[in-house]
Each structure stands twice: as C-alpha cells, then as structure tokens.
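Participant: Sequence and predicted structure, then a few things I'm wondering about:
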Amino acid sequence: MSPQPWSESHLARMVELIDGSERSIDVAMYSFSDRAILDALQRTIQHKIEVHFLFQTASDDRGVASGGMSGQLEDLGIEVRWINKIMHHKFAIFDGPRADLGYAASGTLASGSGNWSNSAGTRYDENTLGVAGNVELNLRFQREVNHLWDNGRPFVWNEGIASIGHVVIGDADIADDPDVDAVFTSANFTTSVSTRYGPTFSVERGSNEVADAWVRLILGAQRSIRIASGHLRSRPVVEALLAARAANPDLDIRVYLDGQEYISEYTHDLQLRELEQCLVDAGDSVARREDCTDRGFLFAYQVHQAGVPLRFKYYAYRWDYTYAPQMHNKYMIVDDEILLTGSYNLSDNAEHATMENDVILRGPRFSAVIDQYIDAFDTMWVTGEEDGLYDGLLNDVVAGTGAT
C-alpha cells in the first residue's frame, strides 16, 4: 500500500522481483520513471533475461530527440511497443508462461493502481497486488500482454534488438480457478491492420467487460461494499450501487473518492440539464443517445442523495493535479471476502478508450490479503478524525475564523 518510504514501497518490491527473475519479464505500464527499476532492468538484460515492455509513454517519446524513457529502455536492449489506445495497465509478469505454458505455475504477477513512479510509491494512495504461482492469473495476464504486443506498434529506436516470440494461449489452456478471475477492457475492442498506421484497436459499442464484473459483484453483495476509487463516473456501476441500496437498505456501502470527484448540488443540477438537452438533440439515434449517457458525469452527489455514505480525500480546498497527492486507488471489497483491484477507473472512458485490468480474489484462501485491503480502506475512511481536522475545518468555515 502507498504512500510508503521508497524502501518499503511497491517500487522496491519490483526491483526485487526484477533482480530475481530467471527467464522473462513482461511489463505493461502507463507511467514509468523510477531510476532504481531502470537500473534493475539493465542488470536483468546483462543476465540475458528476455524483456517485453509495453509503454503508454512510448507514443509521446517518438517526438523526443533523446528518445525519452522509451529510448533509454531500448538502449539497454529492451524492445518497447505502444498501442493506438491509452495503455493504462500497471502490471508485470515475472518468469511467466511466455515461452512455455508450464511456467504459469511458477510465475509471479504484480498488478494494481500504482505506476512505476516515485509519486505512486511515496505520495499517492495506491495499491499493488502480488500473486505468485497462480496458474489462471498468470495465463490470463500473459495472454493479455501477448495480445497487446502482437497488435502493438514498435518504438523505432534501437532496431538491433532481436524480436522475442511467445506461445499461443487459448481458452482451453486456462483451467478455471474458482477463487480467482481477471477481466480486461481489451475484450471491448476489435483489431485490424491499417495500411498507413499499422496494428489498430477499435472499440465495439455495447460491450462493458469490466463494468459488468463490477455490477455482478455489487448486485451479489449480501452484507457490505467498500469502494476506494479516484473516480466515480461509471453509469452502470452507479446504477448497480443504487439498485443494491434500494433492494437492501441495511447493506453497508461506503465509497471513498479523491477530492476531484466532489460536485456541488448546483453543478450536479447543471450536468443533469446538459444531459437532458443532449438526449433531446440526439433524437432517436441510439448511437448519439449512448454518447450522451456515456460522457463524463460526476455521480458523487447523486450517490450521496441516495443515502450512500461517501467521503472525499482532500488535500486543499480546490483540487488540482499540480499539488494534490491523489487518492489513486481503484478497488472494491464485497462482504469482506471478495476483492477486486487493478488499474480500472470507474468511467466510461476507462471502459471504451483505455486498456485496463481488474483481478478478482475470493474466499478463505486469500483472506489474509483481503484483510490488508480492508484495514487500508478503514484507515483511509477515518483520515484526520483522531486529530479533529474535519471538525476544526468546519468550525473555521462556520465561524469565519482561521486564515483567509
């Protein structure tokens, strides 16, 4: 869990996993800037470990004379690729089943909300989940990285790097583990090859692979739901939350968001009017009406009005990315026995413009790690209460005292 001192963060753990790898490393990463991890990757290449690196920033690095971080990776001998959609994953597979399906039983998966950056390790609220030796998860994530790799575009820099192949993983190769699952937004996309641009992902309307997984878990909740998310902009997820609340008023639902998700009653009413006008303008067009309902909509006020306890983590009166250490988690705990966590933001953009993942763990086998997430959530939920920060702030606001 972040934030931590660097030496206790997921970044230090990634260095350990990289240095301990013996065969292969597959990385799919949105943001990467940690020097210690880069140094560990250099050591790995010197030991002839094969590395694939799918990197969102590679698209931007194409226009940088120095090659940016992508160029540094390729200078080490690590092939880098990028895709035409936002590659928002934050996972890596160490000694996984890239070359042999049998390695699925010994590989290690690391995935979650944390990028490989100092901010993710030491400033933001994040989580990174490590799972060693789980056959189903290793095969599902290996198939995902293989799929993106095969349909990715090369970062043109060090053309002396030899391409590395992989085995094909089909549905029949993945035996079901009832305690785990993984879902990917890549299921919402088709692939093709553009004569001008190369491999291309195109979204399919009506497909909601990851949101559907959230909805199923929410509607199946019997006792409690805890959600920690930087965003709350997914209409299917919010509708499921409100339906669960209506069906079972005693269901303990708590939603903890980053401060940027706050919306006032006035602004909420304004976005409702904009939605209504959009639907009027769309007429009978199904596609245009979907565009209206799918566009960015902040649901926090609506969820609050439905009686769902909701809190925001604030670092300033006005949120801004330049100074706000974000609450960047993206996880849900259901009935204290099911954990869903990954890179997926609760938004339509995440579902239909971005490559994301969520891991699902359930039952006694994973109770220890699920308890860690419960403890982390419960700690965040009462941030500042023991110090009286919230009451003190309200007193200043009501009484007009304090700094102006």
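Facilitator: Structure's in. What do you need?
Participant: Who are the packing partners of the helix-or-strand element of the chain with minimal mean pLDDT?
Facilitator: Lowest by mean pLDDT, DSSP states H and E among the helices and strands of the chain is helix 389-399, with a mean of 83. Here helix 389-399 touches no other helix or strand, going by 3 or more C-beta pairs under 8 Å, 6 or more residues apart in numbering; DSSP states H and E. For the C-beta atoms, the positions are set from N, CA and C on the backbone; glycine is no exception.
Participant: Just the C-alpha atoms of that helix, please, in CSV.
Facilitator: This file holds the C-alpha atoms of helix 389-399, laid out as CSV (Å, rounded to 0.1, in the frame of the first residue of the first chain):
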residue,chain,number,x,y,z
LEU,A,389,-9.1,18.0,11.5
TYR,A,390,-12.6,17.8,10.0
ASP,A,391,-14.4,19.4,13.0
GLY,A,392,-11.7,22.1,13.1
LEU,A,393,-12.2,22.9,9.4
LEU,A,394,-16.0,23.1,9.8
ASN,A,395,-15.6,25.4,12.8
ASP,A,396,-13.4,27.7,10.7
VAL,A,397,-15.9,27.6,7.9
VAL,A,398,-19.0,28.2,10.0
ALA,A,399,-17.4,30.7,12.4
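Participant: Please list all residues in contact with the most centrally placed residue in the chain.
Facilitator: In the chain, the residue lying closest to the centroid (C-alpha atoms, centre = their mean) is residue 343, at 0.8 Å. For residue 343, the contacting residues are 30, 88-91, 111-113, 330, 356-358, by C-beta atoms under 8 Å, 6 or more residues apart in numbering.
Participant: Can you lay out those as a markdown table showing distance to residue 16, pLDDT and neighbour count?
Facilitator: Converted to a markdown table, the contacts of residue 343 look like this (distance: C-beta to C-beta, whole Å; pLDDT from 0 to 100; neighbours: other C-beta atoms under 10 Å):
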| residue | distance to residue 16 | pLDDT | neighbour count |
| --- | --- | --- | --- |
| 30 | 22 | 98 | 21 |
| 88 | 25 | 98 | 23 |
| 89 | 21 | 98 | 28 |
| 90 | 17 | 98 | 29 |
| 91 | 16 | 98 | 23 |
| 111 | 16 | 98 | 25 |
| 112 | 16 | 98 | 26 |
| 113 | 20 | 98 | 28 |
| 330 | 24 | 98 | 24 |
| 356 | 26 | 98 | 26 |
| 357 | 22 | 98 | 24 |
| 358 | 25 | 98 | 25 |
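Participant: Looking at the residues you listed, spot the one nearest residue 174.
Facilitator: residue 357 (15.1 Å; C-beta to C-beta).
Participant: Is the nearest residue to that closest one once chain neighbours are set aside bridged to anything, and to what?
Facilitator: Nearest non-adjacent residue to residue 357, counting by C-beta to C-beta, 6 or more residues apart in numbering: residue 342, 4.6 Å away. Using DSSP bridges, the beta-bridge partners of residue 342 come out as residue 358.
Participant: From residue 229, how far off is residue 342?
Facilitator: Counting by C-beta to C-beta, to the nearest Å, the gap from residue 342 to residue 229 is 11 Å.
Participant: Quickly note the distance from residue 336 to residue 323.
Facilitator: Distance from residue 336 to residue 323, counting by C-beta to C-beta: 35 Å.
Participant: quick one, which of these two is more surrounded?
Facilitator: When residue 336 and residue 323 are compared for neighbours, residue 336 comes out ahead with 15 against 9, by other C-beta atoms under 10 Å.
Participant: Quick check: the more buried one touching residue 221?
Facilitator: No - in this structure residue 336 lies outside contact range of residue 221 using C-beta atoms under 8 Å: 10.4 Å.
Participant: Tell me how far residue 115 lies from residue 363.
Facilitator: For residue 115, the distance to residue 363 equals 30 Å [C-beta to C-beta].
Participant: try residue 31
Facilitator: 33 Å.
Participant: Please, where are all the strands along the stretch 251-400 of the chain?
Facilitator: 252-258, 310-313, 330-334, 338-342, 354-355, 357-362 (DSSP state E, counting those that start in this stretch).
Participant: Direction included, what does the first one pair up with?
Facilitator: The strands that strand 252-258 pairs with in its sheet are strand 224-229 (parallel), strand 310-313 (parallel) (by DSSP bridges).
Participant: again with the shortest one
Facilitator: Each strand that strand 354-355 pairs with, and the sense of that pairing, follows from DSSP bridges: strand 86-87 (parallel).
Participant: The helix or strand that the strand it pairs with is followed by relative to strand 330-334, how many degrees between them?
Facilitator: Next along the chain after strand 86-87, taking DSSP states H and E as the criterion, comes strand 90-94. Relative orientation of strand 90-94 versus strand 330-334 (axes from the mean of the first three to the mean of the last three C-alpha atoms, to 10 degrees): 80 degrees.
Participant: centre of the chain versus strand 90-94, how much separation?
Facilitator: Chain-centre distance of strand 90-94: 13 Å, with C-alpha atoms, centre = their mean, to the nearest Å.
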